[in-house]
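Trainee: coords below, sequence missing:
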């Protein structure tokens, strides 16, 4: 036994969307009597999504859970799923309101859907804030973010999977919102989770960071890409680093993983030891990639880089992978 | 730096479907001129799937790659994907033949599709063997299994995704067989890979093994289950062990991963330290689960267990997780 490993407590990385606080009761999602008993409970709660955005109380509590009984007055659920039971056994549901329940106000239109443009008619006590902004700004507690992340992944999946990919006919929701079934061809469909590798190649005292064009100005981050059919995690890490940067790596060390509901990824965080360090960028994927030494990376975390380069936001696992390396804990 | 880790070579677990031997050239799948140049090459090869089963030369070579020029005479491709380039730069494709190209012989029908029942008319030099049997029996080299696993995952995905899950209209193949696009709603669809955790809970000198009803007689294996939206790998490991066996675990150690093309999983192999060891089985999921000490597990690997209990086959990552623990390398 690797006692040193097992006797160290699990490191709590501070990234977003981990720490789901409910019992998912996954094994009871097909138990009709159980589900009926849950909907009869007066302490049932619901988390709301409107047009892809979480709905919050517009006050300092930023509450995201509402009595389930309020759902009907808000427009009802277009899609709904049972997230799980809290410690008292009370159910928590996630519901996506119909798009029509959300009013789009055009007076400040700047081409983006953000909190200024969307509102629930007659409910000025509620606001809509996109999940990425919520996570970046730390407006809600980690457990609330984990609930919202799970809800967004499952409800977005419903929104994209109304039809059977096998035969093209409409599908219907079963298993308390965790499965769709096709009555025409009998195919069952489950929410999709896409594994993505995200990794830091290391060469001695330097690490490899890159930036995509769509990143915020000055931000450099870990490389990343989807695991393809037929790959191990390690094979995917080596391939993605090679494709994007030309760097060849050998030994891979898994560190941590993060659910990433944009729309439905599982980020698998790794380190990779480089043995061919010349960088040749794939310009379709990256705008830049190069080796950074510790002092430069430290200046990015401390927001004193001479060219105003920045580390990724702490909501993202990339931030913590780089920080972990910076602290010499790889 | 964890030099002890990075200076140890990567352990080669002997499970199936790893070690994909080609350059996937993923970044060139949308390069039309490149794809045209590949199909013009005389050294292009193709791997064939018929009715879900790999097609092999019926001789001691068990060849799985054929000149691409032979594809038309065999019935052509219902679905086709570029697997990658070999070291000479020659392309290797995977093709699924139309079902009609495969003859079903009824003379020995026993209710299963297996090598005795399916054949290619006029090609008695070829046979169809299901991929699981191929892997279990070790009939082909590891690199061939990796090609077949990738091919099966991608081609099965095409077979289940002819229609757009978003709008129900037919989709068409793009990106050299690695994407489907909907002309009606413009949605893009990518091959699906489902992350699955597979893990051994450990309590001192014992490990937790279970069996599903569908397992071969006497076989016990690691517990396993799909990662759900909103979970880290570690959260999924703890939840699945709890749900299936009632055992509570704390620290989780990732060990290795395996592509598992039945139909499209990524098996993520872990150990989990138990701290509440009473077993309560979920009888929907498991027929049995209990703690095994090293001597009992050793007797299973050596096929001398008094009740004829067996370890999982070495094609599966579960075999190697258990063996790793047995050898004291956790």
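Mentor: That came through, no problem. All figures in this text were calculated on a predicted structure; none of them were measured in a lab.

Trainee: going forward, measure contacts and count neighbours with C-alpha atoms only.
Mentor: Will do.

Trainee: Does residue A:175 touch residue A:34 like I think?
Mentor: No - between residue A:175 and residue A:34 there is no contact under C-alpha atoms under 8 Å: 11.5 Å.

Trainee: more crowded one of those two?
Mentor: residue A:175 (19 against 11; other C-alpha atoms under 10 Å in any protein chain shown).

Trainee: how near is the more buried one to chain B?
Mentor: From residue A:175 across to chain B, the span is 14 Å (C-alpha to the nearest C-alpha, to the nearest Å).

Trainee: residue contacts, that residue?
Mentor: Residues in contact with residue A:175 (C-alpha atoms under 8 Å, 6 or more residues apart in numbering or on different chains) are A:29, A:30.

Trainee: what's the pLDDT at it?
Mentor: At residue A:175, the model reports a pLDDT of 98.

Trainee: likewise the one 5 residues further on?
Mentor: Among the per-residue scores, residue A:180 shows a pLDDT of 98.

Trainee: Equivalent analysis for residue A:110, please.
Mentor: For residue A:110, the model assigns a pLDDT of 52.

Trainee: which one is the most centrally placed residue in chain A nearest to, not counting chain neighbours?
Mentor: Geometric centre of chain A, nearest residue: residue A:260, 2.0 Å, by C-alpha atoms, centre = their mean. Spatial nearest neighbour of residue A:260, chain neighbours left out: residue A:266 (5.7 Å); criterion: C-alpha to C-alpha, 6 or more residues apart in numbering or on different chains.

Trainee: ditto for residue A:166
Mentor: Distances taken as C-alpha to C-alpha, 6+ apart put residue B:160 closest to residue A:166, at 4.6 Å, once the chain neighbours are dropped.

Trainee: avg pLDDT for the longest helix seen in chain A?
Mentor: Looking across chain A with DSSP state H, the single longest helix is helix A:142-160. For helix A:142-160, mean pLDDT is 97.

Trainee: Stretch A:3-18 now?
Mentor: Stretch A:3-18 carries an average pLDDT of 88.

Trainee: Centre of the chain to it, how far?
Mentor: Chain-centre distance of stretch A:3-18: 19 Å, with C-alpha atoms, centre = their mean, to the nearest Å.

Trainee: Can you confirm whether it lies near chain B?
Mentor: Yes - Stretch A:3-18 comes into contact with chain B (C-alpha under 8 Å from any C-alpha of the partner chain), by way of A:6, A:9, A:10, A:17, A:18.

Trainee: Over to the first one. Which of the three states is it?
Mentor: Here residue A:6 is recorded as helix under DSSP: H, G, I helix; E, B strand; the rest coil.

Trainee: Quick check: it touching residue B:273?
Mentor: Yes - with contact defined as C-alpha under 8 Å, residue A:6 reaches residue B:273; the gap is 7.2 Å.

Trainee: Now do the shared contacts for the two.
Mentor: Joint contacts of residue A:6 and residue B:273 (C-alpha under 8 Å, 6+ apart) are B:251, B:252.

Trainee: all helices for the stretch 51-200 of chain A, in order.
Mentor: A:131-137, A:142-160 (DSSP state H, counting those that start in this stretch).

Trainee: which of those helices is buried the deepest?
Mentor: helix A:142-160 (a mean of 23; mean count of other C-alpha atoms under 10 Å in any protein chain shown).

Trainee: Does anything pack onto that one? Which helices or strands?
Mentor: When contacts are defined as 3 or more C-alpha pairs under 8 Å, 6 or more residues apart in numbering or on different chains; DSSP states H and E, helix A:142-160 packs onto strand A:45-50, strand A:79-85, strand A:91-96, helix A:131-137.

Trainee: List phi and psi for residue A:249.
Mentor: Main-chain dihedrals, residue A:249, degrees, to the nearest 10: phi -130, psi 160.

Trainee: So for the closest residue to it other than its chain neighbours, what pLDDT did the model give?
Mentor: In this structure, residue A:249 finds its nearest non-sequential neighbour in residue A:274, 4.1 Å apart by C-alpha to C-alpha, 6+ apart. At residue A:274, the model reports a pLDDT of 97.

Trainee: Just checking: what are the partner strands of the helix or strand harbouring residue A:274?
Mentor: Per DSSP states H and E: residue A:274 is located in strand A:265-276. Take DSSP bridges as the rule and strand A:265-276 pairs in its sheet with strand A:194-203 (parallel), strand A:248-260 (antiparallel).

Trainee: Need the winner for burial among those strands.
Mentor: Highest mean neighbour count among those (mean count of other C-alpha under 10 Å): strand A:194-203, a mean of 25.

Trainee: From the chain's centroid, how far away is the helix or strand following that strand?
Mentor: Later in the chain than strand A:194-203, the nearest helix or strand by DSSP H and E is strand A:206-211. How far strand A:206-211 lies from its chain's middle: 22 Å, per C-alpha atoms, centre = their mean.

Trainee: and strand A:206-211, is it in reach of chain B?
Mentor: No - between strand A:206-211 and chain B, judged by C-alpha under 8 Å from any C-alpha, nothing touches; the nearest distance is 11.7 Å.
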